[in-house]
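In: next come a sequence and a model predicted from it.
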Number of protein chains: 2
Amino acid sequence: MNNNPILVEAMRGGTRESAHRGAVAVFDADGRRVVAIGDIETPIFPRSAVKVLQAIPLVESGAADRLGLDDEELAIACASHNGEPAHVAVVDRMLAKAGLDGASLECGVHWPRVESVLRAMAAAGTTATAQHNNCSGKHAGFLCLACVLSGGGDAREYARGYVAPRHPVMRVVTEALQSATGYDLATAPRAIDGCSIPTFAIPLDKLAIAFARVGTGVGLRPGHARAAERLRRAVARYPFMVAGSERFDTTVMAALGERVFCKVGAEGVFCAALPERGLGVAIKMDDGNNARACEVAMAAVVEAFVALDDDESILLRSLSDASMRNWNRIEVGSLRATAELRAALAH
Amino acid sequence: MNNNPILVEAMRGGTRESAHRGAVAVFDADGRRVVAIGDIETPIFPRSAVKVLQAIPLVESGAADRLGLDDEELAIACASHNGEPAHVAVVDRMLAKAGLDGASLECGVHWPRVESVLRAMAAAGTTATAQHNNCSGKHAGFLCLACVLSGGGDAREYARGYVAPRHPVMRVVTEALQSATGYDLATAPRAIDGCSIPTFAIPLDKLAIAFARVGTGVGLRPGHARAAERLRRAVARYPFMVAGSERFDTTVMAALGERVFCKVGAEGVFCAALPERGLGVAIKMDDGNNARACEVAMAAVVEAFVALDDDESILLRSLSDASMRNWNRIEVGSLRATAELRAALAH
């Protein structure tokens, strides 16, 4: 990451106050490079940006159909959600369909991170549970998969320890990730994610190709292609489920529908499928900054590659060149894609 | 900032996941350079890191004595506090001594940013006021200064608009900043800070020299030197006032007392005086990251320059090489000063 260019800059008045470096890969499903900015070959941990790939087995295995999961539930299986009441309700509903409850979730507990959501929860006297964890939908999906893999046995017992790399659930999830990216995860750097499942370092080019495959089905096994399409459509129908209030993913997908499937991950990672264009996108900001950096870069990518009407253009520009206001609502600067990033995206 | 080195790295497992670049200046009060890492000459906005310099006129003018301000009140005049109940109470007390109340504060309103504090406040049914703004102590200091500058007139009327560059309060505050840094603020890039007062871009070397002066009195006008010493001692006595629960500044100063005066600013800026060593420190992280980046770098600077006993060494190492744990408390990596930073600090 040593020589990645500055993609996003924070301006205060007319002066650049801070800057974010990073790398961007845009590829098609056949592996053709459309854009390569910075180092797209060193493996990076994609974290939650690949949740849709990790949810493929839930659908492909038949578990989603066997348990009668609906589109809200499939959407939250791909989510890093805010832990808002609607999110918690859908997670609880999914778990109930598997005959389980929050006690089986192994993602850990954290309070919502969006200030207004946290305040509302504290004011209501609610206490954080594993269902509030931003990954609880993904984990509920793992538990639904475990329920079906258990073959009618004790699902709770079968699922125990599902976050471990060698558990049957995690093996099938990892296989789906390897299959979509075409990257050998057995030799990839491995670490533990925030929600305790393994995370594998994968180069941006492979991630971009995987998302082009998710958007087109090209290069995926037929069952995986059908599963990816169903998951994308579920998220497009219920974009609130994948993130929530005041969140980039929800805002963009609510506006653009199936034209963009985007998913942020921790530490400044962002992946997207642009199905109309047959392209996949993968971004990693060197400093790991999400809201400040990779979201601004992703907005610029969407502007560069998706045909937008006037309202959509205004929305995306408000995300790629965002006015920064202080506590008195005085405009003090902006957070924006650099000219260097926009030039590199021009095609 | 284009070629600043990586000072802090976030490790996940054995892999570097993210990295933070920045610059560090360590100087003495006579302007002798002790350490220079990266670009220390381009002006940067010091933001809240210079609050102690902006509080000098409150003391030097005699306002603090005239209004009978105590050490808690002087400490909070230098603070970016958490808006905890104790902070709000001290700000209210200061305002009352000036015959004013929260209605005169022009810093704007925001909710506390530390999760536990925000939750406690929401759970108690409290609503955010200007007193909760992290800058409210500094602004209360400005209002106390205005009260005395008004010369017995209507302080409320006199103070109105005190955040504007041309207001007498802001003129005297700006003059103190210019005097301590020796930098011509009339020609420096100027922008509006989060709390609406002007912020002037100043090079790191000038900021480091100013903090060496704050720590030693050398190079300051006698009245400013006395004021700086009194402010430093007030903060050393009440380090909770300058930040609060779970905050680096409070933790470090509670442990090290008058041996370190440190003050974080927004956008990855950190300044410190190390009076025992006669040195001043100024850090700016390129990406503007605070808790993740400039605090880790400052901990490494303190380790390099302050004589620490065993307990202090353990504390500082826990801040400069911090274990990162996930929601299940599993150790997943660390956030640490790079070998490059430690080597550059060796002397």
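Out: Ah, there it is.

In: any idea how far A:Ile202 is from the most centrally placed residue in chain A?
Out: Geometric centre of chain A, nearest residue: A:Lys263, 2.7 Å, by CA atoms, centre = their mean. Counting by CB to CB, to the nearest Å, the separation of A:Lys263 from A:Ile202 is 14 Å. All C-beta spots, glycine's among them, are computed from the backbone N, C-alpha and C.

In: same check, this time on A:Cys195
Out: Separation of A:Cys195 from A:Ile202 (CB to CB) stands at 18 Å.

In: just A:Val260 next, same as before
Out: Distance, A:Val260 to A:Ile202, by CB to CB: 21 Å.

In: check contacts around the residue lying closest to A:Pro275 once chain neighbours are set aside.
Out: Computed as CB to CB, 6 or more residues apart in numbering or on different chains, the closest residue to A:Pro275 that is not its neighbour in sequence is A:Gly215, at 3.8 Å. The neighbourhood of A:Gly215, defined by CB atoms under 8 Å, 6 or more residues apart in numbering or on different chains, consists of A:29, A:232, A:261, A:273-275, A:278-280.

In: list the helices and strands the strand or helix carrying A:Arg232 packs on?
Out: Using DSSP states H and E, A:Arg232 sits in helix A:222-237. On a contact count with 3 or more CB pairs under 8 Å, 6 or more residues apart in numbering or on different chains; DSSP states H and E, helix A:222-237 meets helix A:51-60, helix A:71-77, helix A:168-181, helix A:204-216, strand A:261-265.

In: give me that answer again for 6 Å
Out: helix A:51-60, helix A:71-77 (3 or more CB pairs under 6 Å, 6 or more residues apart in numbering or on different chains; DSSP states H and E).

In: which of those helices sits closest to chain B?
Out: helix A:51-60 (16.1 Å; CB to the nearest CB).

In: let me have the helices and strands packed on helix A:222-237 in TSV, extended by mean neighbour count.
Out: Putting the helices and strands packed on helix A:222-237 into TSV (neighbours: other CB atoms under 10 Å in any protein chain shown) gives the following:
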stretch	mean neighbour count
helix A:51-60	27
helix A:71-77	26
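
In: could those helices go into a markdown table alongside distance to chain B and mean pLDDT?
Out: A markdown table is the format used below for the helices and strands packed on helix A:222-237 (distance: least, CB to the nearest CB, whole Å; pLDDT from 0 to 100):
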| stretch | distance to chain B | mean pLDDT |
| --- | --- | --- |
| helix A:51-60 | 16 | 98 |
| helix A:71-77 | 18 | 98 |
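
In: closest one to A:Ala291 among those helices?
Out: Minimum separation from A:Ala291 across those (CB to CB) falls at helix A:51-60, 18.0 Å.

In: show me which residues of the stretch 1-150 of chain A sit near chain B.
Out: Applying CB under 6 Å from any CB of the partner chain, we find that the stretch 1-150 of chain A lies next to chain B at A:10, A:12-13, A:15, A:17-20, A:45, A:108, A:110, A:119, A:122-123.

In: of these, buried ones?
Out: The neighbour count (16 or more other CB atoms under 10 Å in any protein chain shown) marks A:10, A:12-13, A:15, A:17-20, A:45, A:108, A:110, A:119, A:122 as buried among those.

In: farthest pair within those?
Out: A:Gly13 and A:Gly108, at 41.9 Å, using CB to CB across those.

In: tell me the secondary structure at whichever residue of the stretch 201-347 of chain A sits closest to chain B.
Out: Here the residue of the stretch 201-347 of chain A nearest chain B is A:Trp327; by CB to the nearest CB that distance is 2.6 Å. Following DSSP: H, G, I helix; E, B strand; the rest coil, A:Trp327 is assigned to coil.

In: and the helices in the stretch 51-200 of chain A, which stretches?
Out: With DSSP state H, counting those that start in this stretch as the criterion, the stretch 51-200 of chain A has helices at A:51-60, A:63-66, A:71-77, A:85-97, A:115-123, A:136-149, A:155-159, A:168-181.

In: helices or strands next to the fourth one in the packing?
Out: So that's helix A:85-97. Against helix A:85-97 (3+ CB pairs under 6 Å, 6+ apart) you get helix A:71-77, helix A:136-149.

In: and what of the last one?
Out: In this structure, helix A:168-181 packs against helix A:51-60, helix A:136-149, helix A:204-216, with contacts taken as 3+ CB pairs under 6 Å, 6+ apart.

In: give me that answer again for 7 Å
Out: helix A:51-60, helix A:136-149, helix A:204-216, helix A:222-237 (3 or more CB pairs under 7 Å, 6 or more residues apart in numbering or on different chains; DSSP states H and E).

In: quick one: list the elements packing against the first one.
Out: Looking back up the chat, that one is helix A:51-60. helix A:136-149, helix A:168-181, helix A:222-237.

In: give me the contacts around the first one.
Out: The list of residues contacting helix A:136-149 from outside it, by CB atoms under 7 Å, 6 or more residues apart in numbering or on different chains, reads A:51, A:54-55, A:57-58, A:61-63, A:66-67, A:69, A:76-77, A:79, A:81, A:91, A:94-95, A:97-100, A:104-107, A:130, A:155, A:158-159, A:162, A:168-169, A:173, A:195.

In: weed out the non-buried ones from those residues.
Out: A:51, A:54-55, A:57-58, A:61, A:63, A:67, A:69, A:76-77, A:79, A:81, A:91, A:94-95, A:97-98, A:100, A:104-107, A:130, A:155, A:158-159, A:162, A:169, A:173, A:195.
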